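Student: From the sequence below, what's the structure:
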Amino acid sequence: MSDFSMYHALGEGTPNPNSSNKQNELNPRPPIAAGPAGYQQAGSPAFGNTPQQYLHSPNQNTPPVQDPGYFPPQQSPSVYQNEHDINNLTNQMGTVGLGVDSASQPRPHKKKDRHAYHNIEGPGGSSQAFNGVPQAGTPSQFLDQASPQPGAQWQQAQITPAMNQFPAAAPMFSPANPATSAQHAARTGTPLGGTPVSSNQGRVDPEQIPSVPRSRDAVARYYLEHVYPTMENHHPPPALVPFVAYDQGNSSPRYARLTLNTIPSSADALATTALPLGLILQPLAPQQEGEQAIPVLDFGDTGPPRCRRCRAYINPFMSFRSGGNKFVCNMCSFPNDVPAEYFAPTDPSGVRVDRLQRPELTLGTVDFMVPKEYWSKEPVGLRWLFLIDVTAEAVNRGFLDDFCEGIINALYGGENDQSQDAENSQQRIPPGAKVGIVTYDKEMHFYNLSAGLDKAQMLVMSEIEDPFVPLSDGLFVDPEESKAVITSLLTQLQNMFSEVKNPEPALLATLNAALLALAPTGGKIVCSLSALPTWGPGRLFLRDDGNLHNTDAEKKLLTTEHPGYKKVATKMVESGIGIDFFMVAPSGGYLDIATIGHVSAITGGGVFYYPNFQSPRDALKLSKEIKHTVTRETGYQALMKVRCSNGLQVSAYHGNFYHHTFGADLEFGVIDADKAIGVMFSYDGKLDPKLDAHFQSALLYTTASGERRVRCNNLVASVSEGAAEAMKFVDQDAVVSIIAKEAAARMTEKSLKEIRGALTEKTVDILAGYRKNFTGNNPPGQLVLPENLKEFSMFILGLVKSRAFKGGKEPSDRRVHDARMIKSMGPLELSLYLYPRIIAIHQLDEKDGFANENGHLRMPESTRASFSKVEEGGVYIVDNGQICLLWLHAHVSPNLLEDLFGEGIKSLKQLDAFQSTLPVLETHLNAQVRNILQYLEGNRGSKALTIQLARQGLDGAEYEFARLLYEDRNNEAQSYVDWLVHVHRHIQLELAGQRKKEDTDGLGSMGSTFVGLRTPYWG
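Tutor: Numbers count the residues shown, from 1 in each chain. Below you'll find the predicted structure:
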């Protein structure tokens, strides 16, 4: 920063939340930060010594010992004994290594002058022998010590000031030099134990390639005891790791993640990395327990102070001049007059004297109350309208009954919640929110739910060509006042329609009627559907007959051309209405989610899809997800604008929203806590390396309680002349999210084969760019991975294997559902979707699943997603955020079954195939597993967690288990090892100047422009 005073002495004297006197005592609610500390890194206090419990990294390959063994001791299965079963490409590889030149010398530490942060020299590359031999005379335990390695800082006994508290790992192999858990906190992947694999075997050792589970587990242990300070740390934790953020003026990674936290100054410099410059926003993301609540600030009728030129909102990075009479915009540098009512004098260093009392000047994320000029209509409490399918399929399959029970549970709590005080039930829907109910088959049935009635009055609307709303009063009611009427109606619906049984629903007419009912106020629709709507206007037909799968024409099945559904979606957004669908296909039938789900995608809602709904098994999952939909933070009538510094411009948006024209604001009927948006940036000039790049997102929305607010998120990134510095501060989760969202957005334009090819090309471009421009003189046979992108290849392989993009035949409903889900997922849910969490229950240590001495749940190590890691007699939890499987080996111990499921259960066949929960038993193992499942449920995205049994040789869910083992050869794609070999071969061709973009299955040159830096993103 050229003028330090413009940031009003930020960072002077701010306490470090993770200093030594706080390591064992976590302040759950830190005080408001005195300033964005670390904005000038020199003010950061020194870190104390690392606590003893982090001195040893557990070895992933050593199973914990449990005293009551569930099966006799056995030798661990030999990994990849038959090499050509798994690695059929490895012989083409030559010597391969993960790393940089081990002989290169560290460069002298060079302090940046007044940058936003980043005073350390970041990681060069991961240097782990993967199928190569260390250079002569180099001890193998030092193979990883490449030129600038932040991890090397953590090898010293004393940690010095101004170091990044979130450093990279330098994996240790000698007990004399133990590794701490904090070493893993920079997303560097894996401490790979053991010695290098010799190359005379000519193969890759799967143990030596980057492991996603280990990279997650190590950082998760670190953040159990440490706070994440948002200005001092600029390597955000992996998205799946729970952490408590301490807002120091920069938004928490929970709400906003930049792909590059140091940005190259020019487009040419960025092009050498092949990385996208983008931002992932999840503006209403739920907070972690222990975080300070987001303040709601009311500036009265004048509204929050804003820049007159670019309309950016006041934020911690705006500076004050002329004694406090002017504030200079950090986006466009325009000097604005300070409104009289907002004036405060400045001290000699240019800091407002009331700065610490102003949350908008100290916090990166705030809510502003806004005056009437920001209103499109009078804000009222959120109107919930439940559209309930009462056709024959819904009645016969038990879906109607389960859906009604789910609504009752969401509004009032289930049987288990009756003992709780009335205050909790009041919190489910905020005061001022109202509820309405409409049922439909080939007609619509409206209900008067007024509190004065003995029971609900039904009004039948048979006019479906031009529907209207037959009642004004009583359609929307306070759910507490009309509790008796609502519960009575919902419990009777199953019997009321069990005799009628119309097989065909008239969905579009019902949506139009719902639009009329909600148009005056806006609101949220929750709609159930169990059959293809083939009645009345908007009738659909069976488009997917299976013949177009895996062909170029398949993309027609993944979009809609139906004018009726497009029109109702646009009108809903204009009226501030959004919709969530709960769609079931009990027989696995076709529902045309491409057409129907278009309405929820455009309005900002989502689809909860149950492709093989079974009433007893899936009722709990359905109930939990309805409750989650109703109780999560939801805003409606929303508009979003993203602003950035001079020299950058927004070039694309990806997500579920409505966008008139490119320059217009994004519009959402509704937006909730689980929805994320990807924003791409391009250069319209050159950035000044002496200044920083700033980003601000503003979401104007109405809360469920009826307040009109703006949710403001602010981010800052330093600017570097070249791209080498930027490579040290890459956010892997943000890069993967941006690429995944763009891939999903292209499904309607490109064939799936082209998209898979583009993903491969993009992976090769990024890794080849790093190899070519940012590494030393490495042997040509080494595969060099950027320190912060070690697991990137695995996540892209998971994307290629996902239901949205995989080769082979896949029902179009499931494909388009997953693609739209990827477009709207936050980084946490996407990370889990691309690489599931797998936990071995039979190997639990006796302390796992219970609180440690500090009160935090001790979680077991995760297992890699490969069948080579599955042990005979094992039991595994497999959770990908959408489904949670409990896989049981055919030879599982009867003792384990009894401990887990109850006495008398000694074989797999005695288990109920439809059970979705574990019984509550007094056994140690049962309590452990229930605690672990409860923990997992609190750390995933929008979907509820219920278990589904996958017994080896008995249940069809075993096929899903095999599909989720993403490191193996499945889903019409390679194994992880083969994939790295394939990518490495193309990197070598690129380095030799022999790579042809067409040589990947004739994919054309589209891949290099996949996440483009030019406007025609796909060339």
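Student: from here on, contacts and neighbour counts on C-alpha atoms
Tutor: Fine.
Student: Outside of stretch 458-475 itself, list whatever touches it.
Tutor: Residues external to stretch 458-475 that are found in contact with it (C-alpha atoms under 8 Å, 6 or more residues apart in numbering): 435-437, 442-450, 506, 509-510, 512-513, 516-517, 536-537.
Student: Asn646 and Gly381: what is the separation?
Tutor: For Asn646, the distance to Gly381 equals 39 Å [C-alpha to C-alpha, to the nearest Å].
Student: so what's Met331 closest to, chain neighbours aside?
Tutor: Closest residue in space to Met331, ignoring its immediate chain neighbours: Ser645 at 4.4 Å, by C-alpha to C-alpha, 6 or more residues apart in numbering.
Student: Name only those of the contacts of stretch 458-475 that count as buried.
Tutor: 435-437, 442-450, 506, 509-510, 512-513, 516-517, 536 (16 or more other C-alpha atoms under 10 Å).
Student: Now intersect those residues with the strands, please.
Tutor: Among the buried ones among the contacts of stretch 458-475, the members falling in strands (DSSP state E) are 435-437, 444-448.
Student: farthest-separated two in the residues you listed?
Tutor: Spatially, the most separated pair among those is Val435 and Met444, at 17.2 Å (C-alpha to C-alpha).
Student: picking up where we left off before, could you tell me how far the residue nearest to Met331 is located from Val719?
Tutor: 11 Å.
Student: any shared contact partners between those two?
Tutor: Ala693.
Student: The two: which is more packed in?
Tutor: Val719 (26 against 18; other C-alpha atoms under 10 Å).
Student: Wasn't that one part of a strand?
Tutor: Yes - per DSSP: H, G, I helix; E, B strand; the rest coil, Val719 lies within a strand segment.
Student: Surely it touches Leu691?
Tutor: Yes - taking contacts as C-alpha atoms under 8 Å, Val719 lies within contact range of Leu691: 6.8 Å.
Student: quick one on the thing from earlier: tell me the one of the ones in strands among the buried ones among the contacts of stretch 458-475 nearest His856?
Tutor: Val435 (38.8 Å).
Student: Please report the distance of that closest one from Tyr246.
Tutor: 37 Å.
Student: Could you look up the SS state of Val526?
Tutor: Taking three-state DSSP, the label given to Val526 is strand.
Student: OK, contacts around it?
Tutor: 384-387, 579-582.
Student: List the ones among these that fall in strands.
Tutor: Using DSSP E, these in strands are 384-387, 579-582.
Student: Closest one to Ser824 out of these, please.
Tutor: Using C-alpha to C-alpha, those come closest to Ser824 at Asp580, 13.0 Å.
Student: Return the distance of the helix or strand harbouring Glu960 from the chain's centre.
Tutor: Assigned by DSSP states H and E, Glu960 belongs to helix 957-963. Relative to its chain's centre, helix 957-963 lies at 23 Å (C-alpha atoms, centre = their mean, to the nearest Å).
Student: Would you indicate which residues of that helix are buried?
Tutor: Buried residues in helix 957-963, counted by 16+ other C-alpha under 10 Å: 957-958, 961-963.
Student: Can you name the next helix or strand after it?
Tutor: helix 976-991.
Student: And that following helix, what does it pack against?
Tutor: On a contact count with 3 or more C-alpha pairs under 8 Å, 6 or more residues apart in numbering; DSSP states H and E, helix 976-991 meets helix 752-773, helix 792-801.
Student: From the chain's centroid, how far away is the last one?
Tutor: What that stands for is helix 792-801. The mean C-alpha position of helix 792-801 is separated from the chain mean by 15 Å, C-alpha atoms, centre = their mean.
Student: With just CA atoms, put that helix into CSV.
Tutor: The C-alpha coordinates for helix 792-801 follow below in CSV (Å, rounded to 0.1, in the frame of the first residue of the first chain):
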residue,chain,number,x,y,z
PHE,A,792,-6.8,-30.8,-6.9
SER,A,793,-6.3,-33.7,-9.3
MET,A,794,-8.4,-35.9,-7.0
PHE,A,795,-11.2,-33.4,-6.8
ILE,A,796,-11.4,-33.0,-10.5
LEU,A,797,-11.4,-36.8,-10.9
GLY,A,798,-14.3,-36.8,-8.5
LEU,A,799,-16.1,-34.3,-10.6
VAL,A,800,-15.5,-36.4,-13.8
LYS,A,801,-16.9,-39.4,-11.9
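Student: Next secondary structure element downstream of that helix?
Tutor: helix 812-824.
Student: what packs against that following helix?
Tutor: helix 593-603, helix 732-745.
Student: could you dump these to JSON lines with mean neighbour count?
Tutor: Output for these, formatted as JSON lines (neighbours: other C-alpha atoms under 10 Å):
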{"stretch": "helix 593-603", "mean neighbour count": "26"}
{"stretch": "helix 732-745", "mean neighbour count": "25"}
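Student: mind checking which of the ones you listed is nearest Leu687?
Tutor: Nearest of the helices and strands packed on helix 812-824 (C-alpha to C-alpha): helix 732-745, 21.1 Å.
Student: Extract the CA atoms of the closest one and return them as PDB.
Tutor: The C-alpha trace of helix 732-745 is given here as PDB (Å, rounded to 0.1, in the frame of the first residue of the first chain):
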ATOM      1  CA  GLN A 732      -8.000 -25.100  -3.600                       C
ATOM      2  CA  ASP A 733     -11.700 -25.300  -2.600                       C
ATOM      3  CA  ALA A 734     -12.500 -22.100  -4.400                       C
ATOM      4  CA  VAL A 735     -10.700 -23.100  -7.500                       C
ATOM      5  CA  VAL A 736     -12.500 -26.500  -7.600                       C
ATOM      6  CA  SER A 737     -15.900 -24.800  -6.900                       C
ATOM      7  CA  ILE A 738     -15.400 -22.300  -9.700                       C
ATOM      8  CA  ILE A 739     -14.400 -24.900 -12.200                       C
ATOM      9  CA  ALA A 740     -17.300 -27.200 -11.200                       C
ATOM     10  CA  LYS A 741     -19.900 -24.500 -11.400                       C
ATOM     11  CA  GLU A 742     -18.800 -23.400 -14.800                       C
ATOM     12  CA  ALA A 743     -18.800 -27.000 -16.000                       C
ATOM     13  CA  ALA A 744     -22.300 -27.400 -14.800                       C
ATOM     14  CA  ALA A 745     -23.300 -24.200 -16.500                       C
END
